[in-house]
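> Kindly return the folded structure for what I paste below:
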Amino acid sequence: MLAVPFVASAQTQEQKIQEFEMQRQAAEKLAYNQLLDSAIQLSQNGEYLQADTKFRQLLRSAKSVPSDLVYYFGVNSFHLNNFKQS
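The predicted structure is shown next:
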């Protein structure tokens with residue numbers, strides 16, 4: 001009978017770990033999206049150097065680079081006369 005509570009406890013612990021990981025990933029994605037939105041807004045307002053800093057931060061942190069980030073980074077780079085990277 002002692003083994004049953006241990007198994008239930010182990011499953012509960014595993015569920016807690018999975019839930020924590022899902023929350024961490026959701027928070028990471030939210031922070032990424034907020035930074036991207038901020039960079040896009042800066043670029044659209046003509047604040048290209050500030051936007052460039054944020055776009056580069058996003059590029060450094062991205063495991064795979066989404067197409068919308070590539071597009072907005074290219075447009076912003078064009079406005080900075082960085083034609084090779086745009």
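> My guess is residue 54 contacts residue 39. True?
Yes. With contact defined as Cβ atoms under 8 Å, residue 54 reaches residue 39; the gap is 3.6 Å. (C-beta placed from N, C-alpha, C; glycine too.)
> what about those two, which has more around it?
Between residue 54 and residue 39, counted using other Cβ atoms under 10 Å, residue 39 has the larger neighbour count: 24 against 21.
> where's that one relative to residue 33, distance?
For residue 39, the distance to residue 33 under the criterion Cβ to Cβ, to the nearest Å works out to 11 Å.
> and if you look at residue 11?
Distance, residue 11 to residue 33, using Cβ to Cβ: 33 Å.
> do the same with residue 56
In this view, residue 56 and residue 33 are 17 Å apart by Cβ to Cβ.
> Check which helices and strands the strand or helix carrying residue 28 sits against.
Secondary structure here is read from DSSP states H and E; on that basis residue 28 sits in helix 3-44. For helix 3-44, the packing partners by 3 or more Cβ pairs under 8 Å, 6 or more residues apart in numbering; DSSP states H and E come out as helix 48-61, helix 67-79.
> mind listing what residue 65 touches?
When the contact criterion is Cβ atoms under 8 Å, 6 or more residues apart in numbering, the partners of residue 65 are residue 59.
> mind checking the SS state of it?
Following DSSP: H, G, I helix; E, B strand; the rest coil, the label given to residue 65 is coil.
> Roughly how far does it sit from residue 55?
In this structure, residue 65 and residue 55 are 11 Å apart, going by Cβ to Cβ.
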